[in-house]
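**Student:** When you get a sec, could you give me coordinates for this:
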Amino acid sequence: MEFETVIGLEVHAQLKTRTKIFCGCPTTFGAAPNTNVCPVCLGMPGVLPVLNRQVVEYALKMACATNCEVNQFNEFARKNYFYPDLPKGYQVSQFDLPIAEHGWVDIEVDGEARRIGLTRIHMEEDAGKLIHSEREPESYVDLNRAAVPLIEIVSEPDIRTPAQAAAYLKKLHAILRYLDICDGNMQEGSFRCDANISLRPKGREELGTRTELKNMNSFRNVQRALEYEERRQRDILLEGGKVVQQTLLWDPDRNVTNPMRGKEEAHDYRYFPDPDLVPVIIDDEWLERARKSLPELPDERKARFINELGLPEYDAGVMTSARELADYFEAALRDYPQAKKLSNWIMTEMMREFKGEEAAAIASCPVTPVNLASLLGMIEAGKISGKIAKTVMAEMMESGREAEVIVKEKNLIQMSDEGDLTAAVAEIIAASPKQVEQFRAGKGKVMGFFVGQLMKKTRGRANPQLANKLFQQALNED
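**Tutor:** Residues are numbered from 1 along each chain as shown. Here you go, the predicted structure:
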């Protein structure tokens, strides 16, 4: 029997506001436990929350950027449940009237385009954090994160493969960072995801029994967790068993999922409108301002790089995968207007130095766009060879110094004068009678040996085109 995988994702994105959603406490990460708190976010009796206007504006931007219908009348609700890190005994969220619904984003995986629907985007406050002792059976509560502003982005069950899930997450992540409303740091919990996955026989409309996956803190872990759960559920169904609806934790060390708790029935959160918060009314002018404030988004920038700069689709996709990388590329392009050569260098010689980090890491790269353009300009002008440039690049990545300074200091200027190379060419030919005989017998590939010997002799400084020409002339003389 063939099965179809059905995946839906719930993404929580922490908004980049300086203060919390309903009070003036800072949202800075890493402060000492329970220092970024006040009576409002601690849920003390008699306090009144005041909505942070910037939270609404950021949520509006995301709604417009993802083609959502904005509910110009929306309201907050209380989601009632008990957990030690929830000081009020309820979470302020949105339920019946979220700020946005019915949006979509487009993704592409292995050359196949797919549109992923968004059920809703809503604003809410974060909960606190439990810290479990490694030595004692005790847990501590840190409420610094309580009432930090979030938007939750809920997808339709339109995702069919773990690879599509990862692509969808990367697209949302890129949009949030292009909008500059979320720093996207998955390790700090600024961008986190819960995944629902089920399998059903191909051709059937009815959804299968789903499980929910948590504790996935990277795009790679999301994909690996979904791949594992896909295999696990398929094995159960093929053996005639039934999948149990439950919440699972991903163990990235052992590459398995472990049950967290059963989830046979939906929780009754007893939502009701929050009586302490007035409805949010977004007039036409406010909505239009939000639409006009949008920057050039990843898909638009990718299309421009393809159509105006002539980049191949793959290169354009990589160059626009993070706002910082696209900005870096365009800054370097101003001084070195050869888009394809520039993207090649960034993708090969620079991005591999990030050692698996996100493309956004280029923002802290010691090689500035101007310095990269200068290095490539020296290759173009024939001052250094491509091989020497890679050596110079390695030092630039380590020290941040300018290419011209390194080239001059280490005497790496390319030798392009025939007089400087002719004697060396003659010496190499005289010392290589066997290779000379092979060349004159028609084995043209031996030319690589001669040029290599000259490069070795000149420490890579010989102009390779000139070297080839001089060897051809000398070897074809009678």
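
**Student:** Low-confidence stretches in the stretch 51-200 of the chain?
**Tutor:** In the predicted model, the stretch 51-200 of the chain carries no residue with pLDDT under 70.

**Student:** Also the stretch 351-478 of the chain?
**Tutor:** Looking at the stretch 351-478 of the chain by pLDDT under 70, you get 355-358, 414-417, 419-420, 478.

**Student:** Go again with 50.
**Tutor:** Scanning the stretch 351-478 of the chain for pLDDT under 50 picks out the ranges 478.

**Student:** for it, what spans make up the helices?
**Tutor:** 369-380, 386-399, 403-409, 418-430, 433-440, 447-457, 464-475 (DSSP state H, counting those that start in this stretch).

**Student:** what angle sits between the last one and helix 433-440?
**Tutor:** What it means is helix 464-475. For helix 464-475 against helix 433-440, the angle by axes from the mean of the first three to the mean of the last three Cα atoms, to 10 degrees is 90 degrees.

**Student:** And the contacts of helix 464-475?
**Tutor:** 385, 416, 418, 421-422, 425-426, 429, 436, 439-440, 447, 450-451, 454-455 (Cβ atoms under 8 Å, 6 or more residues apart in numbering). (Each C-beta comes from the backbone N, C-alpha and C, glycine too.)

**Student:** Counting neighbours, which of those end up buried?
**Tutor:** S385, S416, L421, V425, I429, V436, F439, M447, F450, V451, L454, M455 (16 or more other Cβ atoms under 10 Å).

**Student:** Tell me the one of those nearest T368?
**Tutor:** S385 (22.6 Å; Cβ to Cβ).

**Student:** by contact count, what packs against the lengthiest helix in the chain?
**Tutor:** The longest helix of the chain (DSSP state H) is helix 219-238. Helix 219-238 sits against strand 3-14, helix 162-179, strand 191-201, strand 211-214, strand 246-251, strand 256-262, with contacts defined as 3 or more Cβ pairs under 8 Å, 6 or more residues apart in numbering; DSSP states H and E.

**Student:** could these go into CSV alongside mean neighbour count and distance to Q472?
**Tutor:** Below are the helices and strands packed on helix 219-238 laid out as CSV (neighbours: other Cβ atoms under 10 Å; distance: least, Cβ to Cβ, whole Å):
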stretch, mean neighbour count, distance to Q472
strand 3-14, 20, 60
helix 162-179, 22, 50
strand 191-201, 21, 58
strand 211-214, 20, 63
strand 246-251, 18, 61
strand 256-262, 13, 62
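
**Student:** Turn the ones you listed into TSV, including distance to A147.
**Tutor:** Shown next, in TSV, are the helices and strands packed on helix 219-238 (distance: least, Cβ to Cβ, whole Å):
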stretch	distance to A147
strand 3-14	12
helix 162-179	20
strand 191-201	17
strand 211-214	22
strand 246-251	24
strand 256-262	25
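
**Student:** among the ones you listed, which is nearest A339?
**Tutor:** Taking the helices and strands packed on helix 219-238 one by one with Cβ to Cβ, helix 162-179 is closest: 20.0 Å.

**Student:** relative to strand 191-201, how tilted is that closest one?
**Tutor:** Using the same axes, to 10 degrees: helix 162-179 against strand 191-201 is 150 degrees.

**Student:** mind listing what L150 touches?
**Tutor:** H12, A13, Q14, L15, M123, E124, E125, D126.

**Student:** Among those, find me the one that's closest to A59.
**Tutor:** Using Cβ to Cβ, the contacts of L150 come closest to A59 at M123, 5.1 Å.

**Student:** returning to what we had before: among the contacts of L150, which two are most distant?
**Tutor:** Once Cβ to Cβ is applied, those give A13 and E125 as the farthest pair, at 13.4 Å.

**Student:** Which residue ranges make up the domains of the chain?
**Tutor:** 3-286, 296-409, 418-475 (automatic domain parsing).

**Student:** Run through who's touching the longest helix of the chain.
**Tutor:** So helix 219-238 is contacted by 1, 3, 5, 7, 162-163, 165-166, 169-170, 173, 186, 193, 195, 197-199, 208, 211, 213, 216, 242-243, 248, 250, 252, 255-257 (Cβ under 8 Å, 6+ apart).

**Student:** after whatever helix or strand E330 lives in, next one along is what?
**Tutor:** Taking DSSP states H and E as the definition, one finds E330 inside helix 323-335. Moving toward the C-terminus from helix 323-335, the next helix or strand (DSSP H and E) is helix 339-345.

**Student:** pLDDT averaged over that next one - what is it?
**Tutor:** The pLDDT scores in helix 339-345 average 96.

**Student:** Can I get it in PDB, CA atoms only?
**Tutor:** Presented in PDB, the C-alpha positions along helix 339-345 are these (Å, rounded to 0.1, in the frame of the first residue of the first chain):
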ATOM      1  CA  ALA A 339      27.300  39.200 -11.000                       C
ATOM      2  CA  LYS A 340      28.100  35.600 -11.900                       C
ATOM      3  CA  LYS A 341      31.800  35.700 -11.100                       C
ATOM      4  CA  LEU A 342      30.900  37.400  -7.800                       C
ATOM      5  CA  SER A 343      28.300  34.900  -6.800                       C
ATOM      6  CA  ASN A 344      30.700  32.000  -7.600                       C
ATOM      7  CA  TRP A 345      33.300  33.400  -5.200                       C
END
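
**Student:** hey, C-alpha coordinates of stretch 23-32 in PDB?
**Tutor:** C-alpha atoms of stretch 23-32 as PDB (Å, rounded to 0.1, in the frame of the first residue of the first chain):
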ATOM      1  CA  CYS A  23       4.300  46.100  29.700                       C
ATOM      2  CA  GLY A  24       7.600  48.000  29.600                       C
ATOM      3  CA  CYS A  25       9.900  45.200  30.600                       C
ATOM      4  CA  PRO A  26      12.900  44.500  28.300                       C
ATOM      5  CA  THR A  27      12.900  41.500  26.000                       C
ATOM      6  CA  THR A  28      16.700  41.100  26.000                       C
ATOM      7  CA  PHE A  29      17.900  37.500  26.000                       C
ATOM      8  CA  GLY A  30      20.300  36.100  28.600                       C
ATOM      9  CA  ALA A  31      19.500  38.400  31.600                       C
ATOM     10  CA  ALA A  32      19.700  36.900  35.100                       C
END
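
**Student:** ends of stretch 408-428, how far apart?
**Tutor:** 27 Å (Cα to Cα, to the nearest Å).

**Student:** Longest strand in the chain, please.
**Tutor:** strand 112-125 (DSSP state E).

**Student:** angle of that strand against helix 162-179?
**Tutor:** 60 degrees.

**Student:** secondary structure element for the nearest residue to G89 once chain neighbours are set aside?
**Tutor:** Leaving aside its chain neighbours, G89 sits nearest to F82 (5.9 Å; criterion: Cβ to Cβ, 6 or more residues apart in numbering). Taking DSSP H and E as the definition, F82 sits outside all helices and strands.
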